[in-house]
Structures are given as C-alpha cells and as structure tokens.
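A.B. asks: How does the following fold in three dimensions:
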Amino acid sequence: MKAPKSISAVLLALAFGAVATLPAQAVFAQHKKNKVDSTAEKIGNKTASIAVKGASAVTDKIYKGKEGPHGETVYINRKDKKYIVDEKGKKVYLKPSQIHDKKE
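C.D. replies: Numbers count the residues shown, from 1 in each chain. Purely as a prediction, here's the structure:
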C-alpha cells in the first residue's frame, strides 16, 4: 500500500508543478508578443507618415515660409485647405490661428 501513496504523491506534485508553470509561460509569451506588436506598430506608423508626406509633396503645394503648431511642414490641397501630416500618417487640417511664420 505504500507504493500507491508515493506514486499518487509524485503525480500530485507533477500536476501541481505543471499547473503552476502554465500561467507563467502565458504571461511571458504575452509580454514578448506585446513588445513585437508595439515595434511593428511603430514601424507601420513611421512608414505611413513618410508615404503620406511624400504623396502630399507631389500632389499638393507646400506652404512656404509657414509652419504648423510644432514646426511641421504645412501643405495646401486643391480646395485651399491647409494641413499637416502627424506621426501616424494622418492628415490634420489646421485653423488659420494654428499656422505661423517659420522660425529661422
């Protein structure tokens, strides 16, 4: 009878060890995935921003002598609307009060 008790104790210890390590592995894998996802997102945003800025420089006019609220290049589209391109590649249309002369 002593043999089954020791076998059951070993099996219980193994089962407890497996149950205890699974959540730790899941947390580690999730942390690594989040790091990869955030890096990919940063690269995607930078690529989108560069692409939109390049397309805007070709299709729209650059507002010379003026800059956006934080020193960004200001573009003018066909409808005479002024905008900047943010860090995610989105066009942000500006009010006249947000445009100022370039600081040299």
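A.B. asks: Could you list the paired strands of the longest strand seen in the chain along with their orientation?
C.D. replies: In the chain, assigned by DSSP state E, the strand with the most residues is strand 61-67. Its sheet considered, strand 61-67 pairs with strand 73-76 (antiparallel), strand 100-101 (antiparallel) by DSSP bridges.
A.B. asks: So which of these is the most surrounded?
C.D. replies: Of all the strands paired with strand 61-67, strand 73-76 has the most neighbours on average by mean count of other C-beta atoms under 10 Å, namely a mean of 20. Placement of C-beta: from N, CA and C, glycine included.
A.B. asks: Distance to residue 47 added to the strands paired with strand 61-67, as a markdown table?
C.D. replies: Conversion of the strands paired with strand 61-67 to a markdown table gives the following (distance: least, C-beta to C-beta, whole Å):
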| stretch | distance to residue 47 |
| --- | --- |
| strand 73-76 | 18 |
| strand 100-101 | 29 |
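A.B. asks: Kindly present the ones you listed as TSV, with separate columns for mean pLDDT and distance to residue 88.
C.D. replies: Below are the strands paired with strand 61-67 laid out as TSV (pLDDT from 0 to 100; distance: least, C-beta to C-beta, whole Å):
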stretch	mean pLDDT	distance to residue 88
strand 73-76	94	16
strand 100-101	92	23
